[in-house]
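> This is a predicted model, with the sequence first.
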Amino acid sequence: MVFSLGNSFRTVPLDQVISLETLLQPMVPRPDATAADVIRHLMNESTHPPMYFVLAHWWMQLFPPDREGFLSLWVARSLPAVFGVLAIPATFGLAWLVFGSCLVAHCAAAMMALSPYGVYLSQEARHYTLAALVVIASLACLVLALRHLQRRSPIPLWLCLGWVGINTLGVAVHYLFSLTLLAETLALLGLWLLPWKTVRAKLTHLPQAAQQLGSNVWRLGVIALGTFLGGLVWLPEVTRSHGSDLTEWIRFDWDYPLSFINPFFQLLASWVTMVVLLPIEGSNWLRIVPFLLVMLAYIFWATPRLVRLFRINWQWSSPPSAQSSRLLAGFVLATILLLLAGSYLLGKDLTRGARYNFVYFPAVMVLLGACLAIAWQFPLQRAPDPFRSPPPATSGQRFVVIVLTVALLSGLSVVANFGYQKYYRPELLAPVIQQQSQAPVLIATSHETHVQTGELMGLAREFLRLETTPKQRPHFLLAHFDRDRRLAQTTLTQVLAQTPRPLDLWTVNFKTVGESLVVPADCAAQMTPPRWVNGYSYQLYRCRDGS
């Protein structure tokens, strides 16, 4: 939100006590801010490409600030929601292009609309729904190119240029879009090598195959070269972000033996939540346990049926759509392999961030739509399967209705914040601070990057929503450290020595060198209600004048 306004986090003072208004100053829209300011601050302070942020900047200029003069949260979140809605007809179009069936397209669009994972992406004031839209467009170009290769007709120039433009746009939206490009290449290559018995023959007669493809060889080369040059402009930024503290959280941790299997379980969790996610997050175990059991039962019930439907689709698709369907399946498989390779070979565990699965999420929805379309047309016990006996009989249409209903309920659980809970829950912590405090409040955190600034800004916004008076509002301290956490401890000690008493000090996500924070003798740690708040660990210290 700050970068989209064309503002900077660096205007927030560090190592000194600041007011709530000063902390939230970067959230104030500036009439003179331009797209150039957005790009400049983003390149200097973050690790993201600027395309979405520039679009968000123009979008935000269409709306007035909220009553406090800050950027409206609704405005910031509405643009990704719009992109998420646009992904529904886009998925319909991609599914129709692949299968030539309105039934498949309707089923795929329905799953895109109801998928809890899709709802989660659309809720975030981030660029992932726009990135998913570009993935859909790039996959559509891939399918069209495959059709021309099948017919041995030249790929049209408009398609070549459009595909290069879409791919270049995708990298400008998110750097991980490059995984989509690599997976498309691997999927196309893998489809050409199928069946595997002819791999040696095809590789041996590669010159003849190239001659048969004719002009499409150099057209594919131009597409690849154009895409590479379009993405090359971001290479310095990608290199810089690779060693940034902002990406340290995805570093693969080899210190724990079980961490080796984490990527597999994290990927599995992402696959499951694309279809089902009942209210299983929170602290109320009386609610969580029943829903968890229902969710597990549903997974064990639906998975063999979906797998069987997928195998039917793979085996019995009509010739025009069979290759395209297999291309999408190969694309999904290639993307998963690339994510695992990034974890184990490059030491970057991208599976930790569920949002990064946007790179293949639309393809999964299209393939799932094909499976539901088969179930809708045939009773599951009659659908042809040459490999194994069917699972217990279930009406195909009833199965589709159940899958869509569970997806709807799962999406609603995300809306209610019982699934894909937000990483930071300041709306839970702010009332605790307000209710437990008996003196002027100072909220302190150790500061490493603008992430910590954002954590406190969320708290500050909640105090505004609680309609506190200026005298009731807390003050804040961002104690900066660079590698050496003792600097933050030293800064806090110096500030407390100069701050009048009485004072209620709340440390929030304060990283210390030892097990506990060192505070002055007149500051005593207090017992606070044992409430776990997502994203925030906190402690109250009451500082009283010894006299």
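Cool, got the structure. Numbering: from 1, shown residues only.
> what's the helix or strand hosting Ile288 packed up against?
Using DSSP states H and E, Ile288 falls within helix 285-316. Applying 3 or more Cβ pairs under 8 Å, 6 or more residues apart in numbering; DSSP states H and E, one finds that helix 285-316 contacts helix 319-344, helix 361-377, helix 396-415. All C-beta spots, glycine's among them, are computed from the backbone N, C-alpha and C.
> And for Gly396, the neighbour number?
Look at Gly396: counted by other Cβ atoms under 10 Å, it has 22 neighbours.
> Test my guess that it contacts Cys371.
No: between Gly396 and Cys371 there is no contact under Cβ atoms under 8 Å: 10.5 Å.
> which of the residues in the helix holding Ile288 are buried?
Neighbour counts over helix 285-316 (16 or more other Cβ atoms under 10 Å) mark 288, 291, 295, 298, 302, 305-306, 308-313 as buried.
> tilt between that helix and helix 396-415?
140 degrees (axes from the mean of the first three to the mean of the last three Cα atoms, to 10 degrees).
> separation between Pro116 and Pro279?
11 Å (Cβ to Cβ, to the nearest Å).
> Comparing the two, which residue is more hemmed in?
Pro116 (26 against 22).
> what about that one, distance to Val441?
Using Cβ to Cβ, one obtains 37 Å as the distance from Pro116 to Val441.
> center of the chain, which residue is that?
Nearest to the mean C-alpha position of the chain, counting by Cα atoms, centre = their mean, stands Arg355 at 1.9 Å.
> Now that residue: phi and psi?
phi -60, psi -20 (degrees, to the nearest 10).
> For it, give me its contacts.
Shown in contact with Arg355 (Cβ atoms under 8 Å, 6 or more residues apart in numbering): 120-121, 124, 126, 128.
> at 6 Å what do you get?
By Cβ atoms under 6 Å, 6 or more residues apart in numbering, the contact list for Arg355 reads Tyr128.
> Break down the stretch 401-547 of the chain into its helices, ranges please.
Under the criterion DSSP state H, counting those that start in this stretch, the stretch 401-547 of the chain contains helices at 426-436, 450-465, 486-498.
> now the helices for the stretch 151-300 of the chain?
157-173, 177-193, 199-204, 206-213, 215-232, 235-242, 262-273, 285-316.
> Please convert the ones you listed to a markdown table, extending it with distance to Ser537.
What follows is these, written out as a markdown table (distance: least, Cβ to Cβ, whole Å):
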| stretch | distance to Ser537 |
| --- | --- |
| helix 157-173 | 33 |
| helix 177-193 | 33 |
| helix 199-204 | 54 |
| helix 206-213 | 59 |
| helix 215-232 | 39 |
| helix 235-242 | 27 |
| helix 262-273 | 22 |
| helix 285-316 | 21 |
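> Could you tell me the least trusted of these?
Sorting the helices of the stretch 151-300 of the chain by mean pLDDT places helix 199-204 lowest, at a mean of 51.
> circling back: please identify the deepest-packed of the helices and strands packed on helix 285-316.
helix 361-377 (a mean of 25; mean count of other Cβ atoms under 10 Å).
> Name the helix or strand of this structure that has the lowest mean pLDDT.
helix 199-204 (a mean of 51; mean pLDDT, DSSP states H and E).
> ok, back up a step: looking at the helices of the stretch 401-547 of the chain, which is closest to Thr528?
helix 426-436 (5.9 Å; Cβ to Cβ).
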